[in-house]
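Undergrad: below is the sequence, then the predicted model.
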Amino acid sequence: MKRKVRVAISFLAVAVMLILQGMAIKAAEPNNEKALLNPYELVQTEIMENGGGFYEDGIQYSPISGSKILKAENVDFSKGLTGIEVTARTRWGGSEIYVYIDDPKSEPIARILIRAYSFNQSTGIPKVNVSGVHDIYFEANNPIDIATWKALPGKIYESGDVPQIDPYKDNEAEVNFGTSGVGVVKDKRRIVLADFSENDFFLMKDVNFEKGLKSITIEARAEDDGIIEVRKDSPAGELIGTIEFRDTDDSYKPFEGEMANIEGMQKIYFVGKKGKCNIDNWCAAPRNTDRPLPTPGEKISPYGYVEAEIDFPRENAEIVEDNWNKVVSIKENGYISAQKVNFRYGLTSVVIVAKSEKPAAVEVREGSVDGELLGVIKVENTDGEYLHYRTKAPNIEGIHDLYFVCKVGSCMIDKWTVMSKMMPVPGNEPISGGEENDDPGKEQPELPEIPDKPELPEEPDKPEHPEEPKQPEEPKIPEEPEQPDIQGDCKLELKYSRDIWDGGYQINFKITNISEEQSSGWTLKIKKKYINVAQSWCTNVDEDDEYYVFTPLSWNAVLNPGQSTEFGIIGSGDASGGLDYFFSDNNN
């Protein structure tokens, strides 16, 4: 009888186990239908598997270390993933959180460096794009307390491939494809790469240099001087250029370095060579911002910058590379020329961009090296920099050959341009080509006065100094009804300065984010009756009825707190008075 009872009990136990097992299987099905976890809102770690249990100073947190791993299921990464931000602390140096997707034994998608002894925010950048519903795991190499975490959304790329990087806009340094020796921290309201020092590096791949490369600017904070190298393909690869930084007095400042030209899709490394700094972002300046070189034999428009190295007749002059830029080095009595220059809008002055170690004088002549003298450009010692120099010139129209003759000393010329009283609308004047029925025209009556022109270089750039008291924009604000908006909730501050000469001027604008929030763009409108835009740089120029409208390019549209951008124009006529303008940021 006892045996029967035991058998009955055994059967009963098996039946109960089968029932329980069936219930467990059914319980797994609702788990798939479980409410999805939204990672883009702050997630408390106590709701995670192995989480919770600790409370201090009003903060609930979950300690992890060794084999203790935090897990969250059914996390909906429908908005993609560009970063993981955690609030954590540690008392161990070199502590990191490893983040895994679906399998904690796989390669971590991100590493988050934790250095704070009190709870602080740190961010890790994933190596791969993540989308869809996944489980997420947090593991640590040392004891770390984690209070909260959230995901930073990003684009969804259906192919799963890494998107191309646009180098001509600001790129956050912490959004990279691999680092060595650095971590990501929050510093002065910024997420930055911290303690970037000798032999450290970060990698950017699939960078599309479709417009070439002239320079790279980083925004960094440093306590001493240092050097960062930019290299191709590997940390020890071909050197593209260097960026020197210095003590920034506890603030973030931009530092620019000239680069060798590269084009197409590239993989570049930023490598620490000397010193230590925190890097916030970087951006590249395109090489081919100037218009393309014309083919010899075509007509040339001189109203945009013309490269000096165009293959036209020259003597005692050679094309060289200087700071990775092609220029023409002209010896004394040497010359360069430009053939079939189409002065369809006339001429008031000639401008060259040049440098010299000693004072030099460049004659501008029409027709030949011994032709009619249009003016003399005096070049001073430029201390290694390329500067703008100009001379007044008599009006000419039609098709002419120009010669730049270095009569005294030697110099290097990068490019040249001309000014006139009737300048073309920006973007409508190609550097080469012209109307087939253009009349070469005749020399104007002003030409007999040419012998007096050698005295013109004595004109110092000082006429603008007496005008400076008239330039501040504040006195003009009451004259423009819309100006109060500039001072209202605008996050940005606009300042400008002018360089004025006979028949033309250059206006430089500087826009600074004076708020504590990021700004996403700006618009500056200036009435046409106050300016005549012949050339511009670092800005888009459009027309709207009686206004010129200036807006940022893709790479200088976003300004972080304290960050600035600059752009400028060259125009003809008189700009000594105030500017009638309206300025606003895109956030209002």
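TA: Here it is on my side, so go on. It should be emphasised that the depicted structure is a prediction, and the values quoted were computed from it without experimental measurement.
Undergrad: dump the residue contacts of Val405.
TA: The contact partners of Val405, by C-beta atoms under 8 Å, 6 or more residues apart in numbering, come to Asn333, Gly334, Tyr335, Val362, Glu363, Val364, Arg365, Val369. Glycine gets a C-beta too; all of them are placed from N, C-alpha and C.
Undergrad: most neighbours of all these, which one?
TA: Val362 (28 neighbours; other C-beta atoms under 10 Å).
Undergrad: ok, it touching Cys406?
TA: Yes - between Val362 and Cys406 there is a contact at 5.4 Å, judged by C-beta atoms under 8 Å.
Undergrad: now for these two: what residues contact both?
TA: Common neighbours of Val362 and Cys406, counting by C-beta under 8 Å, 6+ apart, are Ile330.
Undergrad: farthest-separated two in the contacts of Val405?
TA: Asn333 and Val364 (15.1 Å; C-beta to C-beta).
Undergrad: list the contacts for Glu238?
TA: Arg231, Lys232.
Undergrad: and if we set it to 6 Å?
TA: Glu238 is in contact with Lys232, counting by C-beta atoms under 6 Å, 6 or more residues apart in numbering.
Undergrad: same thing with Ile97?
TA: By C-beta under 6 Å, 6+ apart, the contact list for Ile97 reads Ile112, Phe138, Ala140.
Undergrad: pull out the buried residues from the helix or strand hosting Ser122.
TA: Assigned by DSSP states H and E, Ser122 falls within strand 120-124. By neighbour count on 16 or more other C-beta atoms under 10 Å, the buried set for strand 120-124 is Gln121, Ser122, Thr123, Gly124.
Undergrad: looking at the residues you listed, which one is closest to Ala557?
TA: Thr123 (22.8 Å).
Undergrad: these two touch, right, the closest one and Gly83?
TA: Yes - counting by C-beta atoms under 6 Å, a contact exists between Thr123 and Gly83, whose distance comes to 5.0 Å.
Undergrad: from Tyr530, how far off is Trp522?
TA: 19 Å (C-beta to C-beta, to the nearest Å).
Undergrad: ok, now which ones touch Thr179?
TA: Contacts of Thr179 (C-beta under 6 Å, 6+ apart): Phe202.
Undergrad: so what's it bridging to?
TA: Phe202 (DSSP bridges).
Undergrad: partners of the helix or strand where Val353 lies in the sheet?
TA: Here Val353 sits within strand 349-355, counting by DSSP H and E. Sheet partners assigned to strand 349-355 using DSSP bridges are listed as strand 387-392 (antiparallel), strand 411-419 (antiparallel).
Undergrad: so what touches the last one?
TA: Under the criterion C-beta under 6 Å, 6+ apart, residues 302, 305-308, 327-330, 347-356, 360, 379, 386, 503-504, 572 lie in contact with strand 411-419.
Undergrad: repeat for stretch 213-229
TA: Residues from elsewhere that reach stretch 213-229 (C-beta under 6 Å, 6+ apart): 230, 242-248, 252, 254-259, 261-262, 270-271, 273-275, 277-285, 287.
Undergrad: name the residues of it that come out as buried.
TA: For stretch 213-229, the neighbour count (16+ other C-beta under 10 Å) marks 213-222, 226, 228-229 as buried.
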